[in-house]
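# Show me how the following folds:
(one chain, ligands or ions: 1)
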Amino acid sequence: MKEFWQTCVQRLEQDLPPQQISAWIRPLVPLAFDEAQAVLRVSAPNRFKLDWVRKNFSHQIEVLATEWFERPVQVAFELASGTATRTAPAGRLPLPPKAGNGAQPDASAKAPAPPLAASSVAAELAHDRSRLNTDLTFGNFVTGKANQLARAAALQVAENPGVSYNPLFLYGGVGLGKTHLIHAIGNALLANGNGTRVRYVHADQYVSDVVKAYQRKAFDEFKRYYHSLDLLLIDDIQFFAGKNRTQEEFFYAFEAMVAQRKQIIITSDTYPKELSNIDSRLISRFDSGLTVAIEPPELEMRVAILLHKAETEGVTMPEEVAFFIAKHLRSNVRELEGALRKVSAYARFHGREVLTVDVCKDALKDLLSVSNGQITVENIQKTVADFYKIKVADMYSKRRPANIAMPRQVAMYLAKELTQKSLPEIGDLFGGRDHTTVLHAVRKIADARSKQTELNHALHVLEQTLKG
Ligand SMILES: Nc1ncnc2c1ncn2[C@@H]1O[C@H](COP(=O)(O)OP(=O)(O)OP(=O)(O)O)[C@@H](O)[C@H]1O
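Predicted coordinates for the structure are as follows:
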């Protein structure tokens with residue numbers, strides 16, 4: 001056992017950079033090899049390391065163990081203090097004995113791959129067909145107030161697909177983790193290893209599948225495929241707007257799947273009733289299961305996300321630096337990821353080993369100048385009210401005549417465009433309105449702007465005035 005582990009670490013050292021070896025591999029302790037089950041037990045010092053190693057290195061370790069013991073071997077990771085969990089990317093769901101690991105093969109692994117267990121091959125094939133990204137799991141989804149409900153619902157559905165909430169409808173603004181969460185559900189179900197047919201599809205791709213089926217007169221095949229799935233994950237359903245044939249096909253697929261207790265999970269940038277140009281019978285179906293919002297992350301969550309992402313990328317980020325970035329960049333997780341990439345590239349380029357607030361200020365100059373600029377929501381409300389000759393108080397009042405509602409929507413739109421405020425923050429500043437009302441206003445004005453020259457001109461004037 002000891003000999004195997006030494007060889008295993010040496011082989012991994014040939015493939016991985018030294019910091020990865022010291023961060024992830026050295027802390028592992030080989031415990032035993034169960035001859036009867038062909039299971040190698042390895043312990044990790046904490047839950048975070050366990051999840052990370054399981055997701056990223058289990059495949060390589062299994063390949064090496066399979067080579068060494070000359071039979072298909074599975075690795076079972078366990079916390080140093082106790083409970084064993086078999087290799088599976090998504091963690092929560094227990095795997096049946098001998099199930100495949102579902103972990104993504106690492107293209108960088110140079111070790112010659114011996115034949116894998118049949119179940120592993122099946123699991124990998126299922127993953128390929130599902131179009132799931134194995135990197136997006138519950139294990140690396142940071143939870144906070146903004147997404148805890150959505151995560152709980154997702155876990156529930158992953159544990160009881162087709163039974164608890166069908167469909168599960170997740171909505172929220174850009175870059176808040178909707179796609180991540182639905183991939184996590186898919187990965188969790190595939191990790192079960194019991195042949196579940198899963199498919200992730202972006203709404204755009206579904207539209208183009210419908211077009212292809214139409215051109216090739218292959219609707220039967222199309223229907224058979226989609227209706228046969230056990231779990232359909234469909235992302236950004238708002239892209240179905242105005243696509244009548246697609247909506248019709250989706251309606252049939254939806255009805256067929258739900259009737260057979262097959263699970264459907266949908267994401268959208270807005271809640272069902274706010275979807276525009278979508279058939280009302282579809283909208284009522286969307287709302288018939290569970291509809292949950294993902295909100296923009298609050299400060300503590302933004303800090304946790306930054307620290308988590310920095311650690312997984314091997315970047316040392318002091319907490320004060322994470323707080324500094326999180327205080328300034330408030331809108332979504334994608335933006336935080338971008339900032340982290342910028343800061344670490346900047347630090348590497350300038351030979352700065354430790355990230356400091358000063359390094360961040362330099363690296364994020366452009367982003368921060370936008371968030372620190374003179375444009376405030378109050379500013380926007382006053383400028384827009386003057387422009388349309390209404391009272392500033394009408395920006396937060398509940399009055400809804402068109403001559404007030406439209407300028408208010410314009411102001412919300414500009415607030416989203418020109419400030420770093422999140423939708424709920426903007427809603428608060430407009431008399432405690434719901435973030436979906438703001439989202440609706442933003443989309444409505446963006447759409448109207450592209451069609452009405454007069455409005456577009458007015459917006460240019462307002463933007464110029466505000467930018468000084
Ligand atoms: N809670 C979270 N923990 C860790 N990473 C997250 C979290 N939320 C989002 N991310 C990451 O942020 C990025 C953007 O998330 P994702 O693509 O899931 O957003 P989205 O809501 O689907 O956005 P869009 O509507 O633009 O498609 C991804 O890299 C995702 O992994």
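# which stretches of the chain form strands?
29-34, 39-44, 74-79, 84-86, 168-171, 198-202, 231-235, 263-268, 290-293 (DSSP state E).
# V163: neighbouring residues, count only.
Using other CB atoms under 10 Å, V163 has 11 neighbouring residues. In short, each C-beta sits where N, CA and C put it, glycine included.
# Could you find the closest non-adjacent residue to it?
R261 (6.5 Å; CB to CB, 6 or more residues apart in numbering).
# how close does the residue lying closest to F239 once chain neighbours are set aside sit to L12?
Leaving aside its sequence neighbours, F239 sits nearest to A203 (CB to CB, 6+ apart; 3.9 Å). For A203, the distance to L12 equals 41 Å [CB to CB, to the nearest Å].
# same check, this time on K309
23 Å.
# what's the answer for K389, then?
70 Å.
# quick one, which of those two is more surrounded?
Shown here are K389 and L12; by other CB under 10 Å, L12 has more neighbours (19 against 8).
# ok, for that one, nearest residue in space, not its chain neighbours?
That would be I25: by CB to CB, 6+ apart, it lies 5.5 Å from L12.
# Spit out the contact partners of that neighbour.
9, 12, 16, 53, 57 (CB atoms under 8 Å, 6 or more residues apart in numbering).
# thought K309 was touching A339?
No - the criterion here is CB atoms under 8 Å, and K309 misses it with A339 at 9.9 Å.
# Give me the neighbour count for whichever residue of the stretch 101-250 of the chain sits closest to the ligand.
Minimum separation of the stretch 101-250 of the chain from the ligand (CB to the nearest ligand atom) falls at G177, amounting to 2.6 Å. Per other CB under 10 Å, the neighbour tally for G177 reads 25.
# didn't it look like it was pressed against E337?
No - counting by CB under 8 Å, E337 is not a contact partner of G177; they are 10.9 Å apart.
# Which parts of the protein belong to which domain?
2-87, 148-293, 299-372, 377-467 (automatic domain parsing).
# if you average pLDDT over each of those, which comes out lowest?
Lowest mean pLDDT within these: domain 2-87, at a mean of 82.
# Could you check that one against the ligand for contacts?
No - judged by CB under 6 Å from any ligand atom, domain 2-87 and the ligand are separated, with a smallest distance of 12.4 Å.
# can you check stretch 140-150 too?
Yes - on the criterion CB under 6 Å from any ligand atom, stretch 140-150 is in touch with the ligand at 140-142, 147.
# what do you get for stretch 433-452?
No - for a cut-off given as CB under 6 Å from any ligand atom, stretch 433-452 has no contacts with the ligand; the smallest distance is 11.7 Å.
# buried stuff in that stretch?
433, 435-445, 448-449 (16 or more other CB atoms under 10 Å).
# same check, this time on stretch 234-241
Quick answer for stretch 234-241 (16+ other CB under 10 Å): 234-240.
# Can you sort out which of those residues also neighbour the ligand?
D236.
# so which of the buried residues of stretch 234-241 would you say is closest to L40?
Minimum distance to L40 across those is 36.8 Å, recorded for D235 (CB to CB).
# can you pull the contacts of D230?
161-162, 189, 196-198, 262-263.
# Pick the most deeply packed of the domains of the chain.
Mean neighbour count (mean count of other CB atoms under 10 Å) peaks for domain 148-293 among those, with a mean of 19.
# quick one: terminal-to-terminal distance for it?
One end of domain 148-293 to the other measures 10 Å (CA to CA, to the nearest Å).
# got it, and stretch 229-243?
So stretch 229-243: terminal residues 23 Å apart, CA to CA.
# now that stretch: how far from the chain's centre is it?
Averaging C-alpha positions (CA atoms, centre = their mean, to the nearest Å) puts stretch 229-243 16 Å from its chain's average.
# same question, stretch 200-220
With CA atoms, centre = their mean, you get 24 Å for stretch 200-220.
# same question, stretch 246-258
The answer for stretch 246-258 is 25 Å, by CA atoms, centre = their mean.
# contact partners of that stretch?
166-167, 206-207, 210, 213, 219, 222-223, 226-227, 229, 232, 234, 240, 263-264, 278-279, 281-282, 285.
# Name all residues that make contact with whichever residue of the stretch 201-350 of the chain sits closest to the ligand.
Residue nearest to the ligand within the stretch 201-350 of the chain (CB to the nearest ligand atom): V333, separated by 3.5 Å. V333 is in contact with 175-177, 297, 305, counting by CB under 8 Å, 6+ apart.
# got the residues of the stretch 151-300 of the chain near the ligand?
So far as CB under 6 Å from any ligand atom goes, the stretch 151-300 of the chain lies against the ligand at 172, 174-180, 236, 269.
# In helices, which of those residues appear?
178-180 (DSSP state H).
# quick revisit: what separation do you get for the residue of the stretch 201-350 of the chain closest to the ligand and P161?
For V333 relative to P161 (CB to CB), the value is 26 Å.
# what does R302 give?
Distance from R302 to P161, by CB to CB: 31 Å.
# Repeat that for L367.
For L367, the distance to P161 - CB to CB - is 40 Å.
# ditto for Y413
Distance from Y413 to P161, by CB to CB: 39 Å.
# correct me, but T270 touches H435?
No - in this structure T270 lies outside contact range of H435 using CB under 8 Å: 9.9 Å.
# Nearest residue to H227 in space, please, no chain neighbours.
A256 (4.4 Å).
# returning to that earlier point: out of the contacts of I25, who's nearest R352?
For the contacts of I25, the nearest to R352 is L16 (24.3 Å; CB to CB).
# Now do the same contact list for that closest one.
I25.
# what's the answer for F387, then?
Per CB under 8 Å, 6+ apart, neighbours of F387: 407, 458, 461-462, 465.
# separation between it and V461?
7 Å.
# residues in contact with the residue lying closest to Q74 once chain neighbours are set aside?
The spatial neighbour of Q74 that comes closest, neighbours along the chain excluded (CB to CB, 6+ apart), is V39 at 5.1 Å. Residues near V39 by CB under 8 Å, 6+ apart: 33, 73-76, 86.
# Same list as before, these that is, but in JSON lines and with distance to V315 included.
Formatted as JSON lines, these follow (distance: CB to CB, whole Å):
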{"residue": "F33", "distance to V315": "35"}
{"residue": "V73", "distance to V315": "33"}
{"residue": "Q74", "distance to V315": "32"}
{"residue": "V75", "distance to V315": "27"}
{"residue": "A76", "distance to V315": "30"}
{"residue": "R86", "distance to V315": "30"}
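# any idea which of the residues you listed is closest to T376?
R86 (53.2 Å).
# Report pLDDT for P112.
34.
# before we move on, what about V121?
56.
# Next: P297.
88.
# before we move on, what about P89?
Predicted confidence (pLDDT) for P89: 32.
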